[in-house]
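S.K.: One predicted model, sequence on top.
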Amino acid sequence: MATSLRALTALTVSLTLTVTGLGGPARAAAPGTPLPDLGLLRDGRTPATLTGGAALRPGAATAALTDGQYVVRLREAPVTSYTGGVDGLALTRPAAGQDLEPHSAAAERYRKHLGEAQRDVLGDLGVTARQTYTTAFNGFTAKLTGAQATALAKDPRVAAVSKAQMVKAEAASLGGTGKTAAATPTAKPGKSSGVVVGVIDTGIWPESASFAATMPAPKGWHGTCQVGEGFPASACNGKIVGARYFADGWLAMAGSLPDGEVLSARDMQGHGTHTASTAAGLPVKHAMVLGRDLGPISGVAPDAQIAVYKALWGGSGTDADIIAAIDAAVADGVDVINYSIGNAMGDYQANSPIGNAFLNAYLAGVFVSASAGNDGWSGMISNAEPWVTTVGAAVERANEATVRLGDGTKIVGTSMDVLPSRQRTPIVFADRAGSVEDGAQFCLGGSLDAAKIKGKIVACDFDSATGAVEEVKAKGGVGVVLFQTNGNARLNVIYDFPTVYLWSTEQAGQIFNYLWAHRDDGTAALVTGGDGSSLAGLPSVAGLSSYGPDQVHTGLQKPDLVADGVDVVAAVSPMAGGRLFDAYSGTSMAAPHVAGMAALLRVRHPGWSPGAVASALRTTAGDTKATTSPLQQGSGLPAVAKASDPGLVVEPSADSLTAFAAAAAPDGKELNLPSIALREYDGLHPVRLVRKFTNVSGRTETYRAGVDGLSGMDVAISPRTFTVRPGATAAVTITLARGSATWDRYSTGSLVLRGDKHRVRLTVAARPWGFTPRPYDDTGLEFGRTGGLGQGSLEPGFTGPLTGRTTGYTPVKWAGKKLSTTVSGGSFAPGGVGTQGTKIVVPPGAAGLIVQTASDDPNINLDLYLYKDGKLVERSWAFWHSNERIARFFPPPGVYTAYVHAQSTYTPEIPYQLGVTVVPQRGDRHNATINTPAQVERGGNGQVTLTPVGPQPDVEQWAYTEFRTGRTVVPGLLISDR
């Protein structure tokens with residue numbers, strides 16, 4: 001997460017003036033003395049992974065078709081979705097509220113028809129299918145040449161041809177072989193007998209106490225227990241009602257199974273066992289981990305039965321096998337599917353083959369809960385289809401631990417291990433305990449000298465968390481403080497050794513700078529507990545959780561919900577580390593909580609559709625701490641008790657979802673969903689939407705509509721008050737207009753319907769598109785807001801006439817600076833070693849603040865950090881140079897501090913230049929004229945050009961541009977003359 005950010009040069013916007021140097025540089029080394037190079041942020045260092053598996057990022061959808069394995073979808077509907085039309089073949093799609101009959105006579109006749117049609121297509125091409133699908137997907141996978149794939153793509157019988165792709169389990173880790181870790185789930189179990197939760201994952205460990213119950217198969221169950229290596233038929237005891245495995249796609253792509261895998265439904269990774277037991281595991285009084293009792297645990301729906309569909313091998317799998325698993329699960333008769341799997345960096349295309357299979361599962365009455373992804377960035381959402389309930393991760397337990405340093409500093413991190421005492425103990429940074437060339441600073445295996453760490457706490461800037469702890473433990477250390485200079489995710493691993501984890505870059509800077517100042521006399525105490533400062537509150541959205549907006553669809557809100565996903569204790573496979581229970585973290589762990597809740601609701605309301613279940617969970621969900629933004633939390637944190645009696649439900653029709661899936665570029669805002677997302681709406685015109693509310697309570701009720709939040713927006717709801725009888729549906733028209741809301745910024749909030757007994761909430765996130773379409777939220781880099789060489793590109797979100805104005809150019813104020821350091825490759829902290837701070841005052845009315853560094857020395861690497869009110873605003877830290885830049889668009893007024901850090905250098909004295917520019921919004925320096933298009937069209941392109949007037953200084957300059965269309969003013973760009 002933070003690592004990738006480092007690879008970008010931060011572009012931001014700017015304001016004024018510099019004054020005193022705040023840096024507290026450590027004493028410089030003697031002139032000519034080589035500086036120690038720790039290489040903590042060295043180029044090419046492998047960061048700790050945040051996601052399990054080794055998924056590949058798919059290429060662009062428009063790439064030429066080449067030889068390989070392909071998934072081919074035919075145009076005819078599969079069994080789940082067939083509504084008739086073929087002579088002699090009756091419809092097979094179930095009516096609303098009815099269950100699919102996947103093996104009825106009509107279904108079998110239609111399945112035979114599909115098989116014949118598939119063979120015709122294959123025969124015409126002269127190829128053999130590797131796998132075929134008919135229940136939730138109509139198509140096949142096959143090895144094709146590029147020419148064959150191209151021919152199929154043009155065949156009128158074919159709907160889509162796509163290269164087989166890899167997907168991955170969505171569990172987070174800290175690198176190495178360790179698994180993420182721990183605490184007791186807070187979800188309350190409930191009755192869920194007769195419901196089957198299908199788990200598509202890495203398999204299951206059937207001997208676990210979480211599955212130790214003999215149960216009869218439910219009515220209508222059609223599944224089987226597929227025997228395989230280490231998985232006898234007796235493994236399916238009824239609690240595990242069925243098990244299958246799917247490896248054809250994997251073997252076609254990889255040739256063989258990963259090391260340590262077996263060709264059966266047995267879980268060799270732990271992930272599938274964990275998700276299955278979280279959703280529907282039996283109550284276990286004592287979850288024992290390495291002799292420690294972590295207390296009682298239970299799945300959310302402990303009476304539900306589990307059907308296992310192993311389609312991940314070594315933590316990853318192919319879409320070909322995933323589709324086969326979905327196809328089988330629906331044919332078997334599952335009620336709920338848990339899918340804790342996703343794409344690296346989120347979905348990249350609409351209407352993927354897996355998404356299509358899940359649509360047909362939904363139409364067959366199957367609720368799908370899926371993980372949102374662990375990339376921890378905006379826009380990187382996996383499983384973003386509207387028929388899937390996409391779940392982000394929440395933190396529901398703190399597990400805080402504190403590192404108390406000898407100078408009185410307290411750093412609050414996390415730990416799941418037993419910490420020895422409050423007694424102060426010598427602490428040493430690992431670079432003092434071995435050879436830096438051998439990676440001692442990272443506590444690599446074999447790098448530490450036992451004589452130098454015996455009886456001491458060791459601080460490790462780890463590559464592998466478990467590997468670092470094992471090295472310290474093996475060499476006689478008594479504790480470990482783990483950190484990474486580039487930051488990581490907040491989670492835990494149970495190490496069975498006194499360990500505290502500091503996850504943020506700020507914490508890394510604190511521990512590094514203390515130890516650099518106390519090379520041989522540092523002390524620390526590792527203490528269980530903290531002061532609450534490590535979290536905004538409980539529950540809160542986890543930093544590892546990918547969040548909205550959805551980059552694939554402009555009219556969908558994703559994630560839909562967040563659920564317990566950090567330090568979740570559940571059953572695992574002992575093959576993953578010798579434990580029967582463990583605590584994992586990730587959106588993988590959040591999704592099965594919602595799957596379990598859906599199972600409970602399916603029992604209590606057997607007539608509810610998957611859409612009604614999703615609506616009930618969403619409209620009754622509550623806010624997390626520190627945010628009400630649906631971009632981060634979706635509709636919020638669900639609660640089964642409230643969802644059981646939601647009053648009203650909002651669910652899309654089957655026809656609208658089918659039309660959405662057929663669209664080349666589906667939007668989604670028109671779908672009857674319990675949320676509204678307007679990622680790129682035209683701010684010049686209102687948007688009118690209709691939502692239909694069905695009364696699922698047993699009483700007639702009158703509702704009154706209101707608005708919470710949505711700052712600046714004009715919202716009209718008609719009718720504002722309505723009465724709806726049990727089983728009846730009321731249509732409400734919602735009109736949203738920009739009003740005074742800021743262009744190119746999100747306004748979030750909700751529409752709230754308050755009845756006599758119920759409260760129904762629809763979350764809203766809307767962003768009027770001025771000149772920068774943005775599949776991300778409003779934090780981070782300002783893509784598209786800057787231009788250079790006196791020019792800038794406009795991407796208008798509206799159509800109309802255009803005139804422009806500019807403030808004229810404001811010159812950069814460069815100041816010569818010099819900082820001192822005693823280390824190369826250290827870790828940044830405000831006021832720390834090799835760091836210098838400069839105050840910048842930004843007055844009200846500033847359109848931009850640009851802060852930048854420059855150096856003529858190619859052998860040094862400077863990093864730039866911008867703080868305000870003690871909090872990081874932005875950073876620019878490219879590995880390869882010192883010319884950093886941060887630009888902030890319309891920065892809030894106040895005092896900022898620009899910190900420059902000497903990340904890599906060979907001299908103790910580092911001269912550099914610091915440039916600051918504050919561009920006033922209302923300024924007019926009369927030194928440049930502006931040329932703009934006379935007319936722009938939504939989605940088109942335009943160019944704005946600034947022409948200097950009169951003599952110009954020999955220094956870089958910045959100008960703000962602003963535009964008017966009719967009576968409306970739209971903020972433009974910051975443009976430099978160089």
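M.R.: Yep, it's here.

S.K.: Quick one: low-confidence residue ranges for this structure.
M.R.: For the chain, applying pLDDT under 70 flags the ranges 1-33, 39, 41-63, 173-192, 780-781.

S.K.: by contact count, what packs against the lengthiest helix in it?
M.R.: Secondary structure of the chain per DSSP state H: the longest helix is helix 105-125. Packing contacts for helix 105-125, counted by 3 or more C-beta pairs under 8 Å, 6 or more residues apart in numbering; DSSP states H and E, involve strand 68-74, strand 139-144, helix 146-154. C-beta: built from backbone N, CA, C; applies to glycine.

S.K.: Work out for me the element Gly487 sits within.
M.R.: Assessed by DSSP states H and E, Gly487 sits outside every helix and strand.

S.K.: Neighbours of it, how many?
M.R.: By other C-beta atoms under 10 Å, the residues close to Gly487 number 23.

S.K.: doesn't Tyr501 make contact with it?
M.R.: No. Taking contacts as C-beta atoms under 8 Å, Gly487 lies outside contact range of Tyr501: 11.7 Å.

S.K.: Neighbouring strands - and their directions - for the following helix or strand past the longest helix of the chain?
M.R.: Downstream of helix 105-125, the next assigned helix or strand under DSSP H and E is strand 131-133. Taking DSSP bridges as the criterion, strand 131-133 sits next to strand 139-144 (antiparallel) in its sheet.

S.K.: Buried residues of the strand it pairs with, list them for me.
M.R.: For strand 139-144, burial by neighbour count (16 or more other C-beta atoms under 10 Å) applies to 139-144.

S.K.: on that earlier part again, between the helices and strands packed on helix 105-125, which one is nearest to Thr721?
M.R.: strand 68-74 (46.1 Å; C-beta to C-beta).

S.K.: circling back: Glu701 is nearest to which of the helices and strands packed on helix 105-125?
M.R.: Closest among the helices and strands packed on helix 105-125, using C-beta to C-beta: strand 68-74, at 43.4 Å.

S.K.: ok, and what's touching the closest one?
M.R.: 114, 117-118, 121, 130, 137-144, 149, 152, 157-164, 249, 252-253, 318-320, 323, 353, 356 (C-beta atoms under 8 Å, 6 or more residues apart in numbering).

S.K.: Now restrict those to buried residues only.
M.R.: Buried among those (16+ other C-beta under 10 Å): 114, 117-118, 121, 130, 137-144, 149, 152, 158-164, 249, 252-253, 318-320, 323, 353, 356.

S.K.: list the buried ones in stretch 715-725?
M.R.: 715, 717, 722, 724.

S.K.: Double-check Tyr809 against Tyr960; I have them as touching.
M.R.: No. Under the criterion of C-beta under 8 Å, Tyr809 lies out of contact with Tyr960, with a separation of 9.9 Å.

S.K.: just the helices in the stretch 201-350 of the chain please.
M.R.: Secondary structure of the stretch 201-350 of the chain (DSSP state H, counting those that start in this stretch): helices at 248-254, 271-280, 319-332.

S.K.: packing partners for the shortest one?
M.R.: To tie it back to what came earlier, the one meant is helix 248-254. Helix 248-254 packs on strand 68-74, strand 139-144, strand 316-318, helix 319-332, going by 3+ C-beta pairs under 8 Å, 6+ apart.

S.K.: want to try a markdown table for those, with distance to Phe771 as columns?
M.R.: Below are those laid out as a markdown table (distance: least, C-beta to C-beta, whole Å):
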| stretch | distance to Phe771 |
| --- | --- |
| strand 68-74 | 38 |
| strand 139-144 | 42 |
| strand 316-318 | 40 |
| helix 319-332 | 37 |
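
S.K.: ok, the buried residues of strand 139-144 vs Ala169, which is closest?
M.R.: Thr141 (21.1 Å).

S.K.: Quick one: residues contacting the closest one.
M.R.: Counting by C-beta under 8 Å, 6+ apart, Thr141 touches 69-72, 129-131, 164, 248-249, 252, 320, 323.

S.K.: mind putting these in JSON lines, distance to Pro420 included?
M.R.: Below are the contacts of Thr141 laid out as JSON lines (distance: C-beta to C-beta, whole Å):
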{"residue": "Gln69", "distance to Pro420": "53"}
{"residue": "Tyr70", "distance to Pro420": "57"}
{"residue": "Val71", "distance to Pro420": "54"}
{"residue": "Val72", "distance to Pro420": "60"}
{"residue": "Ala129", "distance to Pro420": "61"}
{"residue": "Arg130", "distance to Pro420": "56"}
{"residue": "Gln131", "distance to Pro420": "55"}
{"residue": "Ala164", "distance to Pro420": "51"}
{"residue": "Asp248", "distance to Pro420": "52"}
{"residue": "Gly249", "distance to Pro420": "49"}
{"residue": "Ala252", "distance to Pro420": "52"}
{"residue": "Ala320", "distance to Pro420": "51"}
{"residue": "Ile323", "distance to Pro420": "51"}
